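[1] Sequence unavailable; structure follows:
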């Protein structure tokens, strides 16, 4: 809302304070006190004050100067009986300055009889030979100065007391309306700031609140445009955050704080509001107001197109400074809230990012804070767990430990928190729990902090490491045995083949008595068995080179089942197949892969036969989730693998069969073949009974499978 400014050219006369007759009735001009009480604007009172000064002192004209505490100069603001009111500041020469200082020191009117020679500038402004200088002072504050012009020097005794009374009247009027104006300003600012604060409280959005502020400040100062620039300390820039002119506003426009040509950047370093870019015949000016917080610059308010009348600068800048102080307080508070919310969010994210279970309990045994891992472990939300008794969320051992810790004193500084390994039935797992004291600033116990590290992943990792260690041990055994048997297998194979050849020749020629045939047959069978053992040793030793190519696992399984189907039917064993013919191919030696599954199926047959009842062998195959491996399982309904045998089942020469029924090399050879193919084999007992063997083999890449299809076509 544009304010009325004080008059700058007072040349009209007003009725003198004397009795007159109007329509037969006698009237009297109202006294000064009534004028001050009844009139709302200083512009309406000033003509009466000037007229009163003329009446009391007997002067011809008056000129009022107001003191600018910012610059220390006297600014002509109003006058009476003048042809022209000069509005430029009074720049006193040394003689004039001495006279003015003497008047302010004495706090009494000073008459300059020869003003056209002593203070020529005052005499020139008033157009008078003599000047009465009346200092306007309240306490230690200089309010201004009233100059009364006389055509001829008056008597000093006639102007002394009267001049003091006139000065008191002007001081009272100026201060009264200044206080009124400040009250009105405070009311308008309070309304604007209340509207701004209400927007912030409702939205917690500084940008939206500043938009409302800009439109209100524009009306308050009568500006063409109001904009608010906020200081970004990280980038050392001031950013245009809001403007009353949508065409001028584009969020994100910024200038460097070191830009000497940007008013927003320059004004931010100032202490008080300033009027800039006022030159020549310009009707309007720019007003910049620094926004300053506690030991830091917050930004700048820029008013464009403000109409500033001569002499009203002080009031305008006072209003701008008050507005800047109010907005600075609100902006700094909002920024502190935003920093607090951001810091809290970062702490919450950090707290929730901790993989361990973290809970904070007070001295009454209730949870006051938990992280997301703790809440997820219990399957409850964090809000549900706040103020929940710890006895409902922790196992009895941990609750008892927590209670004992609460009853003890605070640990001395530097002493490590206590740690214990606990199996908690409520948290469902084994944990390494660390219990720390929660203390306040006075080193008094406020509660406890519980950090539980789940040992399940560690236990799983240790189990995997143990499994890898066993595989490595198995591989080392196979390698050592392979080197050993490779050397003796050939030496044993040559005489065995000679024995078998001669026995076969004798059998064909009947060159021995008939009663010796059973013994010869036994010799041949055992020699052949020894030869098979040697052949297995050669395979085990790895002397055979793998002939890898893309092989259909389904076709290999089908050949194995076709081979063993008659024997299984003979003993009442059912063969069940659970796999698709369109399984991906695997890079393998088909003969060795056939040997792997044949060996496992035959072991399953023997396990079922040992139970002396019918059974079932289930063979399944599927593609792993990643699509890069094919998994096959062989399950039987036998009696399973004894727990003490399971860890050693793939060891070479380890067997549970009777002497003469097994060599202990079958599963060891299977293990070696699968490993040479880059796969993995495992054995376990099925929950429903029997044993299950799992074989994982790498699948042929898609590009290779496509090439195979083209070749097949």
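    That came through, no problem. Since we're looking at a predicted model, the values are computed, not measured.
[2] those helices in the stretch 201-350 of the chain, which residues are they?
    206-221, 263-267, 313-353 (DSSP state H, counting those that start in this stretch).
[3] same check, this time on the stretch 351-500 of the chain
    Assigned by DSSP H, counting those that start in this stretch, the helices in the stretch 351-500 of the chain fall at 372-378, 382-385, 396-407, 456-509.
[4] So which bits of the first one are buried?
    Looking back up the chat, that one is helix 372-378. By neighbour count on 16 or more other CB atoms under 10 Å, the buried set for helix 372-378 is 372-375, 377-378. All C-beta spots, glycine's among them, are computed from the backbone N, C-alpha and C.
[5] Please enumerate residues in contact with it?
    With contacts defined as CB atoms under 8 Å, 6 or more residues apart in numbering, helix 372-378 is touched by 352, 354-359, 381-382, 384-385, 393, 426-428, 452.
[6] For ChimeraX, write the selection for the buried entries among the residues you listed.
    The ChimeraX command for the buried members of the contacts of helix 372-378 (criterion: 16+ other CB under 10 Å) is given here:
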select :352,356,357,358,359,382,385,393,426,427,452
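[7] from the contacts of helix 372-378, which single one is nearest residue 123?
    Proximity of those to residue 123 (CB to CB) peaks at residue 352, which lies at 81.6 Å.
[8] can you pull the contacts of residue 604?
    Neighbouring residues of residue 604 by CB under 8 Å, 6+ apart: 617, 634-636, 638, 691.
[9] Please indicate which of the residues you listed has the highest neighbour count?
    When neighbours are counted by other CB atoms under 10 Å, residue 636 leads the contacts of residue 604 with 26 neighbours.
[10] pretty sure that one is touching residue 610, no?
    No: using CB atoms under 8 Å, residue 636 is not in contact with residue 610, being 10.4 Å away.
[11] Now the element after the one helix or strand residue 565 maps to, going C-ward?
    Element membership for residue 565 (DSSP states H and E) is helix 553-570. Toward the C-terminus, helix 553-570 is succeeded by strand 573-578 as the next helix or strand (DSSP H and E).
[12] Check which helices and strands that next one sits against.
    Strand 573-578 sits against helix 553-570, helix 590-609, strand 615-623, with contacts defined as 3 or more CB pairs under 8 Å, 6 or more residues apart in numbering; DSSP states H and E.
[13] related to what we said a few turns ago, list the helices and strands the helix holding residue 565 packs on?
    Secondary-structure packing of helix 553-570 (3+ CB pairs under 8 Å, 6+ apart): strand 573-578, helix 590-609, strand 615-623, strand 629-636.
[14] Out of those, which gets nearest to residue 566?
    The nearest among these, by CB to CB, is strand 573-578 at 10.7 Å.
[15] buried sites along the closest one?
    Under 16+ other CB under 10 Å, the buried positions of strand 573-578 are 573, 575.
[16] Report all helices and strands that the following helix or strand past that strand contacts.
    Counting by DSSP H and E, the element after strand 573-578 in chain order, helix or strand, is strand 586-588. Helices and strands touching strand 586-588, by 3+ CB pairs under 8 Å, 6+ apart, are strand 549-551, strand 691-698.
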